[in-house]
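Student: The following comprises the amino acid sequence and a computationally predicted model.
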Amino acid sequence: MLILTLSRPVEKPDKIFIAGHRGLVGSALVRQLEQDGFANLLTRDRAEMDLRDAGDVDRFFAQEKPAVVILAAAKVGGIKANSDLPVEFLLENLQMQNNVVRAAHDSGVRKLLFLGSSCIYPKHAPQPIPESALLTGPLEPTNEAYAIAKIAGIKLCQAYSREYGANFISAMPTNLYGPNDNFDLVSSHVLPALLRKAHLAKQEGKRELVVWGSGQPRREFLHVDDLAAACVFLLEKYDSPEIVNIGCGEDISIRELAELICDVVDFKGDLAWDTAKPDGTPRKLLDVSKIHALGWRHRIGLRDGIARTYQWFLENET
């Protein structure tokens with residue numbers, strides 16, 4: 001059930017702690033909040049505070065006493081990284097989430113936004129995926145550890161809401177991309193990996209670009225600046241412990257994505273498909289009718305977003 005309350009909204013002078021401010025999502029949140037006039041932002045590097053260390057986290061909350069927390073910190077990666085390091089993906093994400101959520105409650109944080117992932121949903125969930133699909137079937141094995149950690153984070157926030165009345169909300173973004181993404185060919189997600197591969201293929205004058213899988217799976221992609229805008233919107237407008245999807249409501253095949261990226265990068269060679277590599281979930285498109293009903297929609301089209309991201313890559317990663 002959707003619950004909207006008249007609780008005190010997030011206000012411009014509020015101290016807002018962005019956990020994970022250097023990452024893809026966190027850096028976009030900092031840009032969006034500053035653009036919207038929120039000037040009292042709290043950030044910490046890992047050297048200053050290790051979110052896996054409960055003592056570090058407790059000392060930070062006791063000293064700074066943030067009013068609002070956005071938990072965007074996570075250990076993330078693509079299919080290979082998730083498959084190779086399930087212990088690290090499960091354990092480190094659980095440690096970070098548990099420490100921040102508990103400390104937020106103990107220190108009297110007024111509102112917390114936990115960012116999950118669309119991988120929380122079953123591998124064969126109905127498409128588009130409604131929020132009600134959570135825990136209705138087996139997960140995609142290639143990112144199961146990460147998904148389980150995120151589900152635990154959702155349930156922890158809901159437990160604090162139910163037991164203590166905490167205003168802890170959870171949002172599930174679709175696949176994201178944009179400035180400050182991870183472009184490493186071993187650990188990155190599909191869009192930034194393809195962007196880098198296409199760029200390198202063009203630079204090296206290759207005639208062929210090899211892409212993992214069959215190209216048939218369909219994915220939804222949201223520019224991270226749109227996600228950041230949605231997060232600020234939810235902080236100001238949404239107070240329910242029930243999860244809410246954030247996406248654009250449109251998907252594209254991996255083959256179409258690769259072709260679009262090659263066009264943006266201006267790589268003229270052919271695509272070759274390594275079908276010995278896994279495809280992952282056949283389709284993953286979020287049902288975004290809930291956030292649309294609240295009044296938010298994405299603004300950045302996929303081609304425009306990829307072009308912006310490629311420009312950022314050229315200026316920062318090459």
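Tutor: Now that the structure is in, tell me what you want to look at. Residues are numbered from 1 along each chain as shown.

Student: can you pull out the strands in the stretch 51-200 of the chain?
Tutor: Listed in chain order, the strands found in the stretch 51-200 of the chain under DSSP state E, counting those that start in this stretch are 68-71, 111-115, 168-173, 175-177.

Student: Any buried residues in the least confident helix or strand in the chain by mean pLDDT, and which?
Tutor: The least trusted helix or strand in the chain, going by mean pLDDT, DSSP states H and E, turns out to be helix 79-84, with a mean of 80. Buried residues in helix 79-84, defined by neighbour count with 16 or more other CB atoms under 10 Å: 79-83. Backbone N, C-alpha and C define where each C-beta goes, glycine included.

Student: So what touches it?
Tutor: 89, 142-146, 186-187, 212, 278, 280 (CB atoms under 8 Å, 6 or more residues apart in numbering).

Student: how about the strands of the stretch 51-200 of the chain in TSV, adding distance to Asp251 and mean neighbour count?
Tutor: Formatted as TSV, those follow (distance: least, CB to CB, whole Å; neighbours: other CB atoms under 10 Å):
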stretch	distance to Asp251	mean neighbour count
strand 68-71	27	26
strand 111-115	21	25
strand 168-173	14	24
strand 175-177	9	22
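
Student: wait, which of the ones you listed is closest to Met49?
Tutor: Closest approach to Met49 among the strands of the stretch 51-200 of the chain (CB to CB): strand 68-71, 13.1 Å.

Student: Partner strands of the closest one and their direction?
Tutor: Paired strands of strand 68-71, with direction, are strand 16-19 (parallel), strand 111-115 (parallel) (DSSP bridges).

Student: now the strands of the stretch 51-200 of the chain in CSV, with mean pLDDT and distance to Gly137?
Tutor: Below are those laid out as CSV (pLDDT from 0 to 100; distance: least, CB to CB, whole Å):
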stretch, mean pLDDT, distance to Gly137
strand 68-71, 98, 26
strand 111-115, 98, 22
strand 168-173, 98, 16
strand 175-177, 95, 20
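
Student: and those strands as a markdown table, adding distance to Leu227?
Tutor: Putting these into a markdown table (distance: least, CB to CB, whole Å) gives the following:
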| stretch | distance to Leu227 |
| --- | --- |
| strand 68-71 | 11 |
| strand 111-115 | 8 |
| strand 168-173 | 5 |
| strand 175-177 | 6 |
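
Student: circling back to that earlier point, what subset of the contacts of helix 79-84 is buried?
Tutor: The neighbour-count test (16+ other CB under 10 Å) marks 89, 142-146, 187, 212, 278, 280 as buried among the contacts of helix 79-84.

Student: Which of these scores worst on pLDDT?
Tutor: Lowest in pLDDT among these is Ser187, which has 71.

Student: Now that one: phi and psi?
Tutor: The phi and psi values for Ser187, taken as degrees, to the nearest 10, are phi -110, psi 0.

Student: which residues in the stretch 201-318 of the chain form helices?
Tutor: Here the stretch 201-318 of the chain has its helices, by DSSP state H, counting those that start in this stretch, at 224-237, 254-265, 289-294, 302-316.

Student: Of all the ones you listed, which one is nearest Pro138?
Tutor: Comparison of these against Pro138 by CB to CB identifies helix 254-265 as nearest, at 22.2 Å.

Student: list the buried ones in that closest one?
Tutor: Within helix 254-265, the residues scored as buried using 16+ other CB under 10 Å are 254-255, 257-258, 260-262, 264-265.

Student: That one versus helix 302-316: what angle between them?
Tutor: Interaxial angle, helix 254-265 versus helix 302-316 (axes from the mean of the first three to the mean of the last three CA atoms, to 10 degrees): 50 degrees.

Student: other SSEs contacting helix 254-265?
Tutor: Under the contact definition 3 or more CB pairs under 8 Å, 6 or more residues apart in numbering; DSSP states H and E, helix 254-265 sits against helix 190-203, strand 208-212, strand 218-219, strand 270-274, helix 302-316.

Student: Columns distance to Cys231 on top of those, output as CSV?
Tutor: Formatted as CSV, these follow (distance: least, CB to CB, whole Å):
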stretch, distance to Cys231
helix 190-203, 20
strand 208-212, 30
strand 218-219, 21
strand 270-274, 35
helix 302-316, 17
